[in-house]
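Undergrad: Dropping the sequence and predicted coords here.
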2 protein chains.
Amino acid sequence: MSSETASALAAIVGAERVLTDADSLLQYGRDWTRFHTPAPSAVVLPGSIEEVQAVVRLAAQEQLAIVPSGGRTGLSAGAVALNGELVVAFDRLNTISDFNPVERTVRCGAGVITEQLQQFAEEQGLFYPVDFASAGSSQIGGNISTNAGGIKVIRHGMTRDWVAGLKLVTGTGELLDLNRGLVKNNAGYDLRQLVIGAEGTLGLVVEATMSLARPPKDPAVLVLGVPDMGAIMQVLSAYQGRMELQAFEFFSELALQKVVEHQGLQRPFETPTDYYALLEFEQVSEADMDTAMALFEHCVEQGWVVDGVISQSVAQAENLWRLREDISETITRWTPYKNDISTTISKVPDFLAEVEQVVNGAYPDFEIVWFGHIGDGNVHLNILKPDALPVDEFKARCGEVSKWVCEIVQRYGGSVSAEHGVGLLKKDYLGYSRSALEIELMRQIKQAFDPRGIMNPGKIFDA
Amino acid sequence: MSSETASALAAIVGAERVLTDADSLLQYGRDWTRFHTPAPSAVVLPGSIEEVQAVVRLAAQEQLAIVPSGGRTGLSAGAVALNGELVVAFDRLNTISDFNPVERTVRCGAGVITEQLQQFAEEQGLFYPVDFASAGSSQIGGNISTNAGGIKVIRHGMTRDWVAGLKLVTGTGELLDLNRGLVKNNAGYDLRQLVIGAEGTLGLVVEATMSLARPPKDPAVLVLGVPDMGAIMQVLSAYQGRMELQAFEFFSELALQKVVEHQGLQRPFETPTDYYALLEFEQVSEADMDTAMALFEHCVEQGWVVDGVISQSVAQAENLWRLREDISETITRWTPYKNDISTTISKVPDFLAEVEQVVNGAYPDFEIVWFGHIGDGNVHLNILKPDALPVDEFKARCGEVSKWVCEIVQRYGGSVSAEHGVGLLKKDYLGYSRSALEIELMRQIKQAFDPRGIMNPGKIFDA
């Protein structure tokens, strides 16, 4: 970056908010993926929407690429700066304001932490239902840009379902104020929907009006030991037929072992099984617990469940959740290669059988950790890097098998990125889920929002 | 239309499915609006997606504009053919198939009637919750293209929320298969969302995978006599604070008078009030009725409600609904000029007070019928044409006042089309709800999907 550009940035945000030290460039230049070496030219921390606009206008003038940076918890390298980009970080746009109890909406700066919004909602007697392991670090702007999902999607949907309005700074520095919190607005194309999940390629999400839900009743959590994937789907069907589930997750025995060992947790019960299902439901009345127990007995009788445990308190429910929630963080030390794939729910058993066959055949020497949101048709396939193997070689080997996995995804009409987004990591696989024409339409849409191509270039697709 | 083009169309769909008689041109060339004189060149009735593609390819080659035609119940002249366009009608794409009880989804041709889907859902023990007065005629493709809302939005959302996937034939005749029923799919921009509510300007919706809901318990309906708009919002707040409402509608005394007179219905109670609220809730247990009655008494004590009635059976609930549901059809004979406006819910009382003042001042000699989905912030302001006044003069006078109404909408950050769409009728007012940049982005997006500009040109905005 030229010293003129650096001075111009400093004039906008203040010199102390333009960071160029090696540590800042490293920290702000990457997300939770660890396959790339970050190399941004600077990090800038604007304190207002107007400052973001001024930074973007400067970048457009200088043809300087911008990478947006939220909580940097992304898992597809959507927020990685590799080539001298300017990182725009939203930490200072962290105000929650304009809570409206009639609408049940609240205005959030892009830098508001997910957990901060969850706590705010709780203080108002309400509930922000999008939740996932990285909620303590991820920011609302990033959640919107990746349409974050998580552990309550089966009941409450994705981030998309909770965005009543958003403000976007386009690639020319102009501000779009999209939908303004309206419940009903059929006046032209819903551009808000296009921005949600666009991973910063259409512009910078700077503010959002988020909807809040009524709080759920006390949750109860079941963890069930299940012999195979087919049985998991039977359990899902049995419970969904009679109860409204809040969550239906699964994880493999190896995932459980890693979490128990590294987080100091107890196994839910002694009997080991190949897979575990975790269910959450609201206890609206005592009848709910009775129904859940009756279903448990039915599942045991059918041979779908080998053993199980049910929470007797909120604290126990939270502890059981840690068995599932702590997996992602636990396995980070093995630089996991993640496949975040989905299909329609009823195809999951056949789909997983095919994927398992390919993966087990291809990686006899690698540890495979399976978990995910199986009630939504979404599974996370994590391949752990052996300590001795260099990162590049590991990535190359995984990439090749990913291709075979993606071919299965394509045959099943599934998604190569169910919830993590595409970023850099899944870009080469986009064509397995989206047609050439769809990708060309995306390019032209990006061109409209970002004519100079400075907004997170090279993410999702190449311009 | 040249005889060559007519022959080429006949070769695609069969000669008997190319209609050019005056009656067909009139019927298929318009929707429920009656402000324009339809003048299509022909109507074509394709029987498959491939036939639709072939028709579009021919039209693209001949630079022949296409107007899509569903149930033709639109209220913004989105499906009106004025200038020799080819009308593509979807009546023959009316198959419901591939019901999946695990996903709770079903595949619908674009021409499936809304009521047909509702009945199908009921037969499966499920529920299609998007409902409105024209459900007996409107088609799924049209519902998607206008993101139809209706009377259950407060609980179940708009059509957008029930589209798990859709197929679109673009302006070049190519087929996009968007989202394929996946619950989770963050692989690139969600183009499906862009098509929903695009009023056919991006292409022709030919098929959709629709989600179905669990059926609600027996509904109970309350009709309450309310002295003013402010009181309606107090009633809404009181009920929403303690119950999950399925619907919260309102209508004015004049609306009630028209419906009672022309549909042979009884007034819900003798006391006339300026406005009426209609509430629906699920009777999950007896406690719900007790809560509803306690709230009723509270509202009476506060002076928000003057009189009221509650349904004692499903049949009674349906009869009470007719007081609200039959309004739109009843007033059709007066060629009503419709304003379908919204704001955020908490601003509704101030917003309506301003709108009322302008409207009452401007139309002292016109009858004004108010009704709408006030729980969503959406009101329908209908101005009835006096029999003696020519349509053009009536439209001109209404259009002028609409400008003033739209200025209020703009000041409140509202929408000039909450649920009816823009079509031809609201095109001049789009700028009150969307910025010049937003409209320019819409144009460029249309250009990408429809490079020859043949897809419902002139609707929403001019190219």
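TA: That came through fine.
Undergrad: host element of the closest residue to chain B within the stretch 101-250 of chain A?
TA: Nearest residue of the stretch 101-250 of chain A to chain B, counting by CB to the nearest CB: A:Gln193, 3.4 Å away. The way it works is simple: take the backbone N, C-alpha and C, and place the C-beta from them, glycine included. Element membership of A:Gln193 [criterion: DSSP states H and E] is helix A:191-195.
Undergrad: then that helix to PDB, C-alphas only?
TA: What follows is helix A:191-195, C-alpha atoms only, in PDB (Å, rounded to 0.1, in the frame of the first residue of the first chain):
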ATOM      1  CA  LEU A 191     -32.200  -7.500  -2.900                       C
ATOM      2  CA  ARG A 192     -31.800  -8.100   0.800                       C
ATOM      3  CA  GLN A 193     -32.100 -11.900   0.100                       C
ATOM      4  CA  LEU A 194     -29.300 -11.700  -2.500                       C
ATOM      5  CA  VAL A 195     -26.900 -10.000   0.000                       C
END
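Undergrad: Does anything pack onto that helix? Which helices or strands?
TA: Contacts defined by 3 or more CB pairs under 8 Å, 6 or more residues apart in numbering or on different chains; DSSP states H and E place helix A:191-195 against strand A:163-169, strand A:175-178, helix B:191-195, helix B:436-449.
Undergrad: 6 Å instead, please
TA: For helix A:191-195, not one helix or strand is in contact under the criterion 3 or more CB pairs under 6 Å, 6 or more residues apart in numbering or on different chains; DSSP states H and E.
Undergrad: thought the residue of the stretch 101-250 of chain A closest to chain B was touching B:Gln193?
TA: Yes. Using CB atoms under 6 Å, A:Gln193 is in contact with B:Gln193, at 3.4 Å.
Undergrad: shouldn't A:Arg72 be in contact with A:Asp31?
TA: Yes. A:Arg72 lies in contact with A:Asp31 (CB under 6 Å); the separation is 4.6 Å.
Undergrad: List the residues that are in contact with both of those two.
TA: A:Ala79 (CB atoms under 6 Å, 6 or more residues apart in numbering or on different chains).
Undergrad: quick one, which of those two is more surrounded?
TA: More crowded of A:Arg72 and A:Asp31, by other CB atoms under 10 Å in any protein chain shown: A:Asp31, with 25 against 22.
Undergrad: Please identify which helix or strand holds that one.
TA: Here A:Asp31 is assigned to no helix or strand, by DSSP H and E.
Undergrad: what's near enough to touch A:Val13?
TA: Per CB under 6 Å, 6+ apart, neighbours of A:Val13: A:44, A:46, A:51.
Undergrad: Need the phi and psi values for it.
TA: Torsion angles at A:Val13 (phi, psi; degrees, to the nearest 10) stand at phi -110, psi -10.
Undergrad: what residues does the stretch 351-463 of chain A put near chain B?
TA: The stretch 351-463 of chain A comes close to chain B at residues A:376-378, A:413, A:415-419, A:421-422, A:430, A:433-434, A:437, A:441-442, A:444-445, A:448, A:460, as judged by CB under 6 Å from any CB of the partner chain.
Undergrad: Quick one: buried ones out of those?
TA: For those, a burial check counting by 16 or more other CB atoms under 10 Å in any protein chain shown picks out A:376-378, A:413, A:415-419, A:421-422, A:430, A:433-434, A:441-442, A:445, A:448, A:460.
Undergrad: Among the residues you listed, name the ones in strands.
TA: Residues of these located in strands (DSSP state E): A:Asn378.
Undergrad: quick one, helices of the stretch 251-400 of chain A?
TA: A:253-263, A:286-301, A:314-325, A:327-331, A:348-362, A:391-411 (DSSP state H, counting those that start in this stretch).
Undergrad: what does the stretch 101-250 of chain A give?
TA: Ranges of helices in the stretch 101-250 of chain A, per DSSP H, counting those that start in this stretch, are A:114-123, A:140-145, A:153-156, A:191-195, A:229-242.
Undergrad: could you dump those helices to CSV with mean neighbour count and mean pLDDT?
TA: As requested, those are exported to CSV (neighbours: other CB atoms under 10 Å in any protein chain shown; pLDDT from 0 to 100):
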stretch, mean neighbour count, mean pLDDT
helix A:114-123, 18, 98
helix A:140-145, 30, 98
helix A:153-156, 22, 91
helix A:191-195, 24, 98
helix A:229-242, 19, 90
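Undergrad: out of the ones you listed, nearest to B:Ser134?
TA: Among these, the nearest to B:Ser134 by CB to CB is helix A:191-195 (25.0 Å).
Undergrad: my guess is A:Val112 meets A:Asn94, correct?
TA: Yes. In this structure, A:Val112 is within contact of A:Asn94 by CB under 6 Å, at 5.2 Å.
Undergrad: And the two? Which one has more around it.
TA: A:Val112 (26 against 16).
Undergrad: List the contacts of the more buried one.
TA: By CB under 6 Å, 6+ apart, the residues touching A:Val112 are A:94, A:96, A:140.
Undergrad: Can you give me every residue that contacts the residue nearest to it when sequence neighbours are not counted?
TA: Among residues not flanking A:Val112 along the chain, A:Ile140 sits closest, at 4.7 Å (CB to CB, 6 or more residues apart in numbering or on different chains). Listed by CB under 6 Å, 6+ apart, the contact partners of A:Ile140 are A:108, A:112, A:208.
Undergrad: Where does pLDDT dip in chain A?
TA: Along chain A, the model assigns pLDDT under 70 to no residue.
Undergrad: how does it divide up, domain by domain?
TA: A:3-91, A:96-211, A:219-328, A:335-438 (automatic domain parsing).
Undergrad: if I've got this straight, A:Asp98 is in a strand?
TA: Yes. Counting by DSSP: H, G, I helix; E, B strand; the rest coil, A:Asp98 is found in a strand.
Undergrad: pretty sure it contacts A:Cys108?
TA: No. Using CB under 6 Å, A:Asp98 makes no contact with A:Cys108, being 9.4 Å away.
Undergrad: Which one's more surrounded, these two?
TA: Neighbours were counted for A:Asp98 and for A:Cys108 using other CB under 10 Å; A:Cys108 has more, 30 against 12.
Undergrad: Beta-bridge partners for that one, please?
TA: Beta-bridge pairing for A:Cys108 (DSSP bridges): A:Ile96, A:Ala208.
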